[in-house]
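> Sequence plus predicted model, see below.
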Amino acid sequence: MTNLSARQLSLNVHLNDDATFDNYFVAEESANYLALQAVRSLVCDQQSEPFVYIWGPEGVGVSHLLQAACHEAGLRGLCSQYLPLEELAGFAPEHLLEGLEQLDLLCLDGVHHVMGQPGWDHAMFHLYNRLREQRQCRLLVAADCAPRDLGSHLPDLVSRMGWGVTYHLQPLADNEKMMALKRRAQARGIELGDEVLTYILSRAARDMVELFDCLQRLDDLSLAEKRRITIPFVKEALGW
């Protein structure tokens, strides 16, 4: 085991099993569809752009895409690492980011949580330089804002984070949320009628993270109690 792999394993970072490309709902020709295609190409096509930056508000699926990329990389026998920086902000950045250019794919999630901190700004600056020099590791970065709005104290880092292509993910419309929820339910072997889906959408928070969390809780309770998911069951299970 290399020093790199030993250090990454010690971080105890896990991927969500549901975060796959096939499980990411998008409407064709939408901004999110273009982002999905770019991220898929990043992993699957070595001739594609090696730097991709995606951004959007919570609940639009930026973390999903980063984790899906790592799952796909694993299926292809590639060495990848997913780093949720909100959780890892307390680590010394110069050690956390050291040697990551040796990977085939690096996914940095939530860079807005660490930008503007001198230690992180400099460590990220040097990481980008190593990645450009080595030309081995492909980089996927996610944040809640465009690179220019990250608040970095290093103008040269801002320009580097704009290398490659940038995609702004948009929230789904209500009809798209219903389709995404139905598709996720079907993948779990759950049949949800449109009236149940409409009821859930009318009561739950509007982002997909909360909606999928509701579905997970309903699935667990319906299996435990051996009951169908109906509107009365949803009201009882979720306290609505």
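Yep, it's here.
> per-domain residue ranges of the protein.
Structural domains annotated on the chain: 3-168, 174-238, as defined by automatic domain parsing.
> Would you mind reformatting the ones you listed (as TSV) and adding columns for mean pLDDT and mean neighbour count while you're at it?
From N, CA and C alone the C-beta is placed, and that goes for glycine too. Converted to TSV, the domains of the chain look like this (pLDDT from 0 to 100; neighbours: other Cβ atoms under 10 Å):
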stretch	mean pLDDT	mean neighbour count
domain 3-168	91	18
domain 174-238	88	15
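> how long is stretch 144-164 from one end to the other?
Terminal residues of stretch 144-164 lie 18 Å apart, using Cα to Cα, to the nearest Å.
> To clarify, my last question referred to stretch 50-68.
End-to-end distance (Cα to Cα), stretch 50-68: 17 Å.
> all helices for the chain, in order.
Under the criterion DSSP state H, the chain contains helices at 3-10, 31-44, 62-75, 85-88, 93-96, 118-134, 155-161, 174-187, 194-203, 208-225, 231-238.
> what about those, which gets the closest to Phe25?
Across these, Phe25 has its closest neighbour in helix 174-187 (3.6 Å, Cβ to Cβ).
> Check which helices and strands that closest one sits against.
helix 194-203, helix 208-225 (3 or more Cβ pairs under 8 Å, 6 or more residues apart in numbering; DSSP states H and E).
> Quick one: closest of those to His113.
Of those, nearest to His113 by Cβ to Cβ is helix 208-225, at 16.7 Å.
> Now do that closest one against helix 174-187: the angle between them, please.
Angle, helix 208-225 to helix 174-187, by axes from the mean of the first three to the mean of the last three Cα atoms, to 10 degrees: 40 degrees.
> center of the protein, which residue is that?
Ser63 (1.4 Å; Cα atoms, centre = their mean).
> how near is that one to Asp109?
5 Å (Cβ to Cβ, to the nearest Å).
> any shared contact partners between these two?
Taking Cβ atoms under 8 Å, 6 or more residues apart in numbering as the contact rule, the neighbours common to Ser63 and Asp109 are Pro84, Ala142.
> Just tell me which of the helices and strands packed on helix 174-187 ends up closest to Gly162.
So among the helices and strands packed on helix 174-187, helix 208-225 is nearest, using Cβ to Cβ, at 27.3 Å.
> Packing partners of the closest one?
Other elements packing on helix 208-225 under the criterion 3+ Cβ pairs under 8 Å, 6+ apart are helix 174-187, helix 194-203, helix 231-238.
> gap between the shortest one and the chain center?
Which is helix 231-238. 30 Å (Cα atoms, centre = their mean, to the nearest Å).
> before we move on, what about stretch 49-57?
11 Å.
> again with stretch 115-126
22 Å.
> Same check on stretch 188-204?
Taking mean C-alpha positions (Cα atoms, centre = their mean), stretch 188-204 and its chain are 24 Å apart.
> cool, and stretch 149-167?
Distance, centroid of stretch 149-167 to centroid of chain: 19 Å (Cα atoms, centre = their mean).
> go on, stretch 202-217?
17 Å.
> what does that stretch rub up against?
18, 57-61, 171-172, 177, 180-181, 184-185, 188, 190, 200-201, 237-238, 240.
> change it to 7 Å
Applying Cβ atoms under 7 Å, 6 or more residues apart in numbering, the contact partners of stretch 202-217 are 58-59, 61, 172, 177, 180-181, 184-185, 200, 237-238, 240.
> Closest to Val39 out of those residues?
Gly61 (10.5 Å).
> Touching, the closest one and Leu169? I think so.
Yes. Using Cβ atoms under 7 Å, Gly61 makes contact with Leu169 at a distance of 6.4 Å.
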